[in-house]
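Q: what would the 3D arrangement of this be:
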Amino acid sequence: MYSVVLTELGIMVSEGGRHIRSFPFSRRAIEYLAVKSGSAQLAPLADMLSSGEAVVNDHGLLSILRNGSVDARMMEEPEIASIQDEKPAVLVRGGFASNEHDALGKLREFALELSSSRVAEVSGTQDLHIIQAVNSLDDVERMANAMFGRLREWYGLHFPELENVVDGMGGYCRVALAGRRDGMDKHSFLEAGFPDAKADMLGLVAKTSRGGDISDENLSMVQQMAQQVLDLYQARRDLEDHVEAQMALAAPNLSAILGAGVGARLLARAGSLRKLALMAASTIQVLGAEKALFRSIKTGSQPPKHGLIFQHALVHRAPRWQRGKIARAVASKAAIAARMDMHEPVLNQTLLEKLNVRVGEIGEKYSQPPPRPEGTERPARQERGDRRGSGRGRIPGKDRPPRGRGKDRPAGRRTGGKSRGAKKGRRAQRA
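A: This is a model prediction of the structure:
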């Protein structure tokens, strides 16, 4: 019977306690992981063992040999433990190292290679790239909004009426790129992408503007800023398209349930698709509302009903009394979708259909807001004439204590202590 031992440096074959042959790994970490996962190709080893029985120390190696028509079984647990305890000596017997000191050095090198391969494997996953893309999208949007606000203030010194006529970021920047308002006409605004009626209005506003003049140097800087805002705006749209396309490939079910934007932000908050798949539906429901959740635990207030999932159209468009139930339903389907995408990213339309059915049931069952509990009704609003004369902030029916000295308070005396006159009299007597 053959004894086949998988080590970090290769595979060793022995028979009757005598070493027969070794199969060293050229790329130790990669080939070792391939054998552990059962995906390696070991045709020479299978051909060698095809004529007899074999015992192995690893389940992945056992699967490979059985697929190669080798009669193999697992070793006993004490035998596997003894191999692990005597690993340097086993490597020396297999010819992978010259002595035990050399074996320990090679095991250290293998550990470093294995760590590097693990880092490379994790860094190459698609969900981490989606997380970086959606974080970049949020950063670009913040920068574009900040620069656009500064542009409106700066160019508004020259053309202040433009802010009230043009709302969009792109249209405002294109007008700023056109230059001074004095040289603008209807044709200039048409080239900037405005419709005919809007161009007529802008031409009239430009002629009657009360803004000040602007120098060539300041205009040049304003135009540079406007172009940068347009570039950031285009980068934002490109990132949105990229996130949507990558989510359709890496997490199609999660993208179908939550949408590409909300799904990507939940991935970013969780850290990875694997971490999101391991979360409970209740955790996904409040993901992004951690401060409110811990505040409710600390103070005993009402816990949050939703976090980032509030951005979902089904949740934020629903009536107030239905949002918690709909958020729970969406989070439940999102948890299932994340687990499906983790194992096999193939779109399943059944999840979305079931979610729509559940949301419809909630809308029918809770069409009216629930009644308020007894004792929590809001007090009726008083008429203006009833409040007059009652004092600001006073409760009707209760009298305010009189200010100043009361009848029971003697003149020249203060409550809680003696008057200054009495103290001065005693000091004069002592003197």
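Q: so residue 314 is in which element?
A: Per DSSP states H and E, residue 314 falls inside helix 313-316.
Q: name the residues that touch the helix or strand just after that helix?
A: In the C-terminal direction, the helix or strand that comes right after helix 313-316 (DSSP H and E) is helix 323-343. Contacts to helix 323-343, defined as CB atoms under 8 Å, 6 or more residues apart in numbering, come from residues 250-254, 256-258, 263, 266, 273-274, 276-277, 279-282, 284-285, 305-306, 309-310, 312, 314-316, 318, 346, 348, 351-352, 354-355, 358-359, 362, 366. C-beta: built from backbone N, CA, C; applies to glycine.
Q: pLDDT averaged over helix 323-343, what's the number?
A: Averaging pLDDT along helix 323-343 yields 94.
Q: chain center to it: distance?
A: 15 Å (CA atoms, centre = their mean, to the nearest Å).
Q: just the pLDDT at residue 35, thanks.
A: 90.
Q: next one: the host helix or strand of it to chain centre, how far?
A: In this structure, residue 35 sits in helix 28-37 according to DSSP H and E. Centroid displacement of helix 28-37 relative to its chain, using CA atoms, centre = their mean, is 33 Å.
Q: just the buried ones among the contacts of helix 323-343, please.
A: 250-254, 256-258, 263, 266, 273, 276-277, 279, 281, 284-285, 305-306, 309-310, 312, 314-315, 318, 348, 351, 355, 358-359, 362 (16 or more other CB atoms under 10 Å).
Q: restricted to helices, list these.
A: Taking DSSP state H, the ones among those that sit in helices are 250, 252-254, 256-258, 263, 266, 273, 276-277, 281, 284-285, 314-315, 351, 355, 358-359, 362.
Q: list the buried residues of stretch 164-184.
A: 165-166, 169-176, 178-179, 181, 184.
Q: closest to residue 216 among those residues?
A: Closest approach to residue 216 among these (CB to CB): residue 179, at 9.8 Å.
Q: hang on, isn't the closest one packed against residue 222?
A: No. Under the criterion of CB atoms under 8 Å, residue 179 makes no contact with residue 222, lying 9.5 Å away.
Q: could you work out the end-to-end span of stretch 157-172 for me?
A: 14 Å (CA to CA, to the nearest Å).
Q: report the mean confidence score over that stretch.
A: On average, stretch 157-172 scores 87.
Q: same check on stretch 44-55?
A: On average, stretch 44-55 scores 86.
Q: ends of it, how far apart?
A: 17 Å.
Q: quick one, what contacts the closest residue to residue 31 other than its chain neighbours?
A: Among residues not flanking residue 31 along the chain, residue 25 sits closest, at 4.2 Å (CB to CB, 6 or more residues apart in numbering). Going by CB under 8 Å, 6+ apart, residue 25 touches 9, 10, 31, 32.
Q: surely the last one meets residue 8?
A: Yes. In this structure, residue 32 is within contact of residue 8 by CB under 8 Å, at 5.8 Å.
Q: looking at these two, which one has more neighbours?
A: For residue 32 versus residue 8, neighbours defined as other CB atoms under 10 Å are more numerous around residue 32 (24 against 19).
Q: contact partners for the more buried one?
A: Contacts of residue 32 by CB under 8 Å, 6+ apart are 6, 8, 25, 110, 114.
Q: those residues: which two are farthest apart?
A: Longest span within the contacts of residue 32, CB to CB: 6 and 114, 14.0 Å.
Q: neighbour-wise, which of those two wins?
A: residue 6 (20 against 16).
Q: show me what contacts the residue lying closest to that one once chain neighbours are set aside?
A: Distances taken as CB to CB, 6+ apart put residue 58 closest to residue 6, at 4.4 Å, once the chain neighbours are dropped. Under the criterion of CB under 8 Å, 6+ apart, the neighbours of residue 58 are 6, 35, 36.
Q: look at residue 58 and report its pLDDT.
A: pLDDT, read off for residue 58, is 90.
Q: for it, what are phi and psi?
A: phi -140, psi 140 (degrees, to the nearest 10).
Q: before we move on, back to that, could you dump the contacts of residue 25 to JSON lines with pLDDT and distance to residue 341?
A: Below are those laid out as JSON lines (pLDDT from 0 to 100; distance: CB to CB, whole Å):
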{"residue": "9", "pLDDT": "92", "distance to residue 341": "37"}
{"residue": "10", "pLDDT": "92", "distance to residue 341": "37"}
{"residue": "31", "pLDDT": "90", "distance to residue 341": "29"}
{"residue": "32", "pLDDT": "91", "distance to residue 341": "29"}
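Q: still on that earlier bit, for the helix holding residue 314, packing partners?
A: Counting contacts by 3 or more CB pairs under 8 Å, 6 or more residues apart in numbering; DSSP states H and E, helix 313-316 packs against helix 323-343.
Q: list the buried ones in the helix it packs on?
A: So, applying 16+ other CB under 10 Å, buried residues of helix 323-343: 323-342.
Q: can you check stretch 111-120 too?
A: Applying 16+ other CB under 10 Å to stretch 111-120 flags 113, 114, 117 as buried.
Q: before we move on, what about stretch 115-134?
A: In stretch 115-134, counting by 16+ other CB under 10 Å, buried: 117, 127, 128, 130, 131, 133, 134.
Q: and the contacts of it?
A: With contacts defined as CB under 8 Å, 6+ apart, stretch 115-134 is touched by 29-30, 33, 239, 242-243, 246-247, 249-251, 261, 264-265, 267-268, 271-274.
Q: change it to 7 Å
A: 29-30, 33, 239, 242-243, 246-247, 249-250, 264-265, 267-268, 272-273 (CB atoms under 7 Å, 6 or more residues apart in numbering).
Q: tell me which of these is nearest to residue 229?
A: residue 239 (15.5 Å).
Q: check which helices and strands the helix or strand that closest one falls within sits against.
A: Taking DSSP H and E as the criterion, residue 239 maps to helix 216-250. With contacts taken as 3 or more CB pairs under 7 Å, 6 or more residues apart in numbering; DSSP states H and E, helix 216-250 sits against helix 126-156, helix 169-178, helix 260-270.
Q: measure stretch 302-318 end to end?
A: End-to-end distance (CA to CA), stretch 302-318: 20 Å.
Q: for that stretch, what is the distance to the chain centroid?
A: Per CA atoms, centre = their mean, the centroid offset for stretch 302-318 relative to its chain is 15 Å.
Q: go on, stretch 81-99?
A: 47 Å.
Q: about what we covered before: closest one of the contacts of stretch 115-134 to residue 72?
A: Closest to residue 72 out of the contacts of stretch 115-134 is residue 33 (20.2 Å), distances taken as CB to CB.
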